[in-house]
Each structure stands twice: as C-alpha cells, then as structure tokens.
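> Test case, fold it:
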Amino acid sequence: MTLSLTSDQADGETSSCCTPQPGTPALDAEAAVELAARLKALADPNRLTLLALVAADARGEACVCDLTGPLDLGQPTVSHHLKILVDAGLLTREKRGVWSYYAVVDGALESIAHAVGHGIVPPHPNSPLEPA
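Next up, the predicted model:
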C-alpha cells in the first residue's frame, strides 16, 4: 500500500481534517466513562427490557416481584440485573419489607438519548430524531 501526502501536508501544514470544528460538542473523559458505564449496563437484552418495564409502569416504580414473569427469569437473576442498572445510575432502589421497588432516575434516559444523539456527534440534518 502506498501513502501519498497532499501538497499542504508535504509543506508541513496541518490538515484541516485533524482540527476539531467549532461548535462540535466534545465528550470529556469523565463524561465518556459515565456514558460507557450506562451503555454497558444497557447492552444486555434482559436489562434493557427491565429498564423499559420499569419506565412504562403506570405507578412510576416496579417491584422486583412483578418483573420476574415478563422475562421468565428467577428473582435472584432479575435482582442481579436490576443491581447493575442501579449501579449505572439508571434506576433507584427502595426496600420495603422483603421487597425492593425500582424507579427510573429522573433524566437518566434523556441524558443517554442526548449524549448518543447529540453529545458525541452533531445531529444529521435529516435525522428522524430532529423535529421538523
């Protein structure tokens, strides 16, 4: 494979392709670590389903006892997945007697959607996520 330099690169000038464009949102190291942890927690289909079930619950929270049936998983397995979502800052946990109740952290889903949709790369003009 042969590499060739453009005339500005041959003259020692920095190519504009290597310079961040003004107004491009940057993801700092701390935000990248936090976002990666949240996305890693969501990378499991069972956890993604659990988060969706909790978010969709009309009461705004869900008991672990109500979440085992839809996934056809045992309570210890569901609790394990829920703990990962709590540790990632996506759910809160409140213990009531022998049961634990989970709720989505305010703004957690919106912050992920914003970071993925707008925080890493600028929105595409034809994106279906952009209002018309």
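
> Kindly provide the distance from residue 91 to residue 59.
14 Å (CB to CB, to the nearest Å). For glycine as for every other residue, the C-beta is placed from the backbone atoms N, C-alpha and C.

> who has more neighbours, these two?
Neighbour tally, residue 91 and residue 59, criterion other CB atoms under 10 Å: the higher count belongs to residue 91, 25 against 10.

> mind checking how far that one is from residue 27?
From residue 91 to residue 27 the distance is 23 Å (CB to CB).

> likewise residue 76?
36 Å.

> which one of these two has more residues nearby?
Neighbour count, other CB under 10 Å: between residue 76 and residue 27, residue 27 has more, with 15 against 9.

> is it true that residue 48 touches residue 40?
No - using CB atoms under 8 Å, residue 48 is not in contact with residue 40; the gap is 11.7 Å.

> Okay, helices next: where are they in this protein?
In the chain, the segments counted as helices under DSSP state H are 7-10, 29-42, 45-56, 64-71, 75-87, 108-114.

> Out of the ones you listed, which is closest to residue 95?
Evaluated over the helices of the chain, closeness to residue 95 peaks at helix 64-71, with 10.2 Å, by CB to CB.
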